[in-house]
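# Got a sequence here, can you build the structure:
(one chain, ligands or ions: 1)
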Amino acid sequence: MPGLEHLQCHVAGISGLIFTLTSAMGSPVTKVSTSESGYGFALAQNRLYRNVPYGPEQKAILDEQAFQQAAGIIRSWPGYKPTLLRDLSFLAQDTGVAQVLYKDESERFGLSSFKPLGGAYAVVRALISGLKQATGKENIEPQDILDGRYKERVSGMTVTAATDGNHGRSVAWGASLFGCRCVIFIHETVSPGRERAIARLGAEVRRNPGTYDDAVRKASAMARDMGWYPIPDTSDGVETEAPKNVMRGYALMAQEVIDSIPPHSLPTHIFLQAGVGGMAAAVAAQFWRRAGAKRIKVVLVEPEQAACWYHSLEAGKPVDVRGELDSVMAGLACGEVSMLAWPILAPVTSAMMTVEDAAAVDCMGLLAEGRLGDAPMVAGESAVAGLAGFLAAAADNGARKTLGIDADSRILLFGTEGASDPETYTALTGLRPEAIGKAGENPSER
Ligand SMILES: Cc1ncc(COP(=O)(O)O)c(C=O)c1O
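I've put the predicted structure just below:
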């Protein structure tokens, strides 16, 4: 078979065979097959990558001023503190790189994911713009709403969003913080545990037939019909204000990393899991603005059955992925890219990967058990996709070369959730999240 190589590999502790193929399109596509686990991955270089400065197209979505405003407001919320940046030195040693840093979002605002940074921030901005319209006042600040100055009016306002779990929870949390009503749409396969977590925050939860993308359309139609405030975390190019605010909030997660590492040791590679791409775009934009496009390689990682970014970047334009899109990585089970993430991710992404559900589950166990020697930690299904991508690439000589991974590489991963659905976590890992090493007791914290 032309272009086929056989290499020994070690993916998350499992040995097997790797087959490296060159696609008909000419860009390298690597498939891994392990005899024991059957884990596979795909890797392709992004032909839309451009080594250009952060320009007007990107600034129109996420600029410094809007970021600073979002960061200032979020930092003032009760319970705000930067999340842990863990140094996984044993994992770095095992994979032959200089450093692996893991931004652990499992305890952000007590909600088990990074999401409140975006959803709750977009809620307060939507409420402010509604209040400005209703009162004719120009100078309404987020603190005014937190202080209850517009309590009566705000309690009559309704925010709505579609979710596969975490975004809806963050919007519901924002609604309870600021005192408005909240209706959240979930799709067929969102777990009962995630549904309950949203309802516990006081939101009304409605289950909609179809996929996440169908629920997004439903929420948007209901908002139009009912005069509610839509808070999508994605954009079809028409609704842009709320998803921009969502991304501005997410960017604070990247800024916290930048603030805690010296400028000379910025990462060389960031492996970012993508659903609609809002999180990846916000993080990539923050590093792009701070470090320039050239210095940091951005690798997008998705579940193989919901790889809308992989296929869109390969196609050179946004294309939808159809089918059930069902993945244990629930937060990443999206078939349509966000049109606001596209102008950022298309030029800044170096490569994209897909990983299998089984690899993600194995990575959850690897982190929970501290299998390589790093302190045990709780990482949810969608949190570990970046790690699964990195481990697969690090174990493959061809992929290492394609991505420029070597002994000097400094890898940054975003562990975007903890046990956001404890029942699912236990079902997948056989472990109870509360029994796993508590934050604050780990030697790997920075
Ligand atoms: C835990 C987690 N990680 C990553 C993502 C992906 O974010 P985005 O959809 O903005 O790409 C999500 C989205 O819901 C998520 O819940």
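# Tell me the residues of the protein that contact the ligand?
113, 115, 164, 166-167, 233, 273-280, 331-332, 334, 382-383, 416-417 (CB under 6 Å from any ligand atom). The way it works is simple: take the backbone N, C-alpha and C, and place the C-beta from them, glycine included.
# Could you list which of those residues belong to helices?
When the residues of the chain next to the ligand are checked against helices (DSSP state H), the matches are Asn166, His167, Gly278, Met279, Ala280.
# between these, which is closest to Pro263?
The closest of these to Pro263 turns out to be Ala280 (CB to CB; 22.5 Å).
# Could I get the pLDDT score of the closest one?
Ala280 is assigned a pLDDT of 98 by the prediction.
# can you check the one 4 residues further on too?
Confidence per residue is given as pLDDT, and for Ala284 that number is 97.
# How far does the helix or strand where it lies sit from its chain's centre?
For Ala284, the host element (DSSP states H and E) is helix 278-291. A distance of 12 Å separates the centroid of the chain from that of helix 278-291, by CA atoms, centre = their mean, to the nearest Å.
# cool, stretch 297-315 as well?
13 Å.
# how about it: buried residues?
297-314 (16 or more other CB atoms under 10 Å).
# same question, stretch 155-163
Met157, Thr158, Val159, Thr160, Ala161, Ala162, Thr163.
# Give me the subset of those residues lying in strands.
Thr158, Val159, Thr160, Ala161, Ala162, Thr163 (DSSP state E).
# so who does the residue most central in space within the chain touch?
Central residue of the chain (CA atoms, centre = their mean): Met279, 4.4 Å from the mean position. Met279 sits next to Phe114, Gly118, Tyr250, Leu272, Gln273, Phe414, Thr416 when contact means CB atoms under 8 Å, 6 or more residues apart in numbering.
# pretty sure the second one is touching Asp233, no?
Yes - with contact defined as CB atoms under 8 Å, Gly118 counts as touching Asp233 (6.3 Å).
# Quick check: neighbours shared by these two?
Joint contacts of Gly118 and Asp233 (CB under 8 Å, 6+ apart) are His167, Val246, Gly278.
# In contact with the nearest residue to the first one once chain neighbours are set aside, which residues?
Pointing back at His167 there. With CB to CB, 6 or more residues apart in numbering as the measure, Asp233 is the residue that lies nearest to His167, at 4.6 Å, once sequence neighbours are left out. Applying CB under 8 Å, 6+ apart to Asp233 gives the contacts Lys115, Gly118, Gly119, Ala161, Thr163, His167, Pro243, Val246, Val276, Gly278, Ser338.
# which one among those residues gets closest to the ligand?
Relative to the ligand, the closest of the contacts of Asp233 is Gly278; by CB to the nearest ligand atom it sits at 3.2 Å.
# give me the number of residues near the one residue in the stretch 51-200 of the chain that gets nearest to the ligand?
Proximity of the stretch 51-200 of the chain to the ligand (CB to the nearest ligand atom) peaks at Asn166, 3.6 Å away. Residues lying near Asn166 (other CB atoms under 10 Å) number 30.
# Verify the stated contact: it with Asp421.
No - applying CB under 8 Å, one finds Asn166 not in contact with Asp421, separated by 9.5 Å.
# and for these two, which residues touch both?
What both Asn166 and Asp421 touch, as defined by CB under 8 Å, 6+ apart, is the set Arg194.
# how close does the closest residue in space to Ala392 that isn't next to it in sequence get to the ligand?
Distances taken as CB to CB, 6+ apart place Phe41 nearest to Ala392, at 4.1 Å, with adjacent residues excluded. Using CB to the nearest ligand atom, to the nearest Å, one obtains 18 Å as the distance from Phe41 to the ligand.
# List phi and psi for Phe41.
phi -150, psi 160 (degrees, to the nearest 10).
# what's around it, how many residues?
Phe41: 25 neighbours (other CB under 10 Å).
# Am I right that it is in contact with Glu356?
Yes - here Phe41 reaches Glu356: they are 7.2 Å apart, a contact under CB under 8 Å.
# Overlap of the contact sets of the two?
Glu304.
# tell me the contacts of the nearest residue to Gly277 once chain neighbours are set aside?
Counting by CB to CB, 6+ apart, Ala341 is the residue found nearest to Gly277 once chain neighbours are left out, at 3.4 Å. Going by CB under 8 Å, 6+ apart, Ala341 touches Met247, Val276, Gly277, Gly278, Ala280, Ala281.
# What of Gly179?
Gly179 neighbours (CB under 8 Å, 6+ apart): Ile145, Gly148, Lys151, Val154, Ser155.
# Before we move on, what's the pLDDT of it?
So, for Gly179, pLDDT stands at 97.
# What backbone torsions are found at the one residue in the stretch 151-300 of the chain that gets nearest to the ligand?
Closest approach between the stretch 151-300 of the chain and the ligand, counting by CB to the nearest ligand atom: Gly275, at 2.7 Å. When quoted as degrees, to the nearest 10, the phi and psi of Gly275 stand at phi -100, psi -100.
# Hmm, Gly335 and it touching each other?
No - with contact defined as CB under 8 Å, Gly275 does not count as touching Gly335 (9.8 Å).
# tell me, what's touching these two both at once?
Counting by CB under 8 Å, 6+ apart, the contacts common to Gly275 and Gly335 are Ala306.
# The two: which is more packed in?
The neighbour comparison of Gly275 against Gly335 (other CB under 10 Å) goes to Gly275, with 33 against 22.
# Show me where this structure has its strands.
Using DSSP E, strands in the chain cover 5-11, 14-22, 28-33, 41-45, 84-87, 99-104, 158-163, 181-187, 204-208, 229-230, 269-273, 297-303, 349-355, 410-415.
# got CSV for these, with distance to Gln93 too?
Formatted as CSV, these follow (distance: least, CB to CB, whole Å):
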stretch, distance to Gln93
strand 5-11, 13
strand 14-22, 18
strand 28-33, 22
strand 41-45, 22
strand 84-87, 12
strand 99-104, 9
strand 158-163, 38
strand 181-187, 41
strand 204-208, 45
strand 229-230, 47
strand 269-273, 17
strand 297-303, 21
strand 349-355, 22
strand 410-415, 12
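# Give me the domain ranges for the chain.
Taking automatic domain parsing as the criterion, the chain consists of the domains 5-113+247-435, 116-232.
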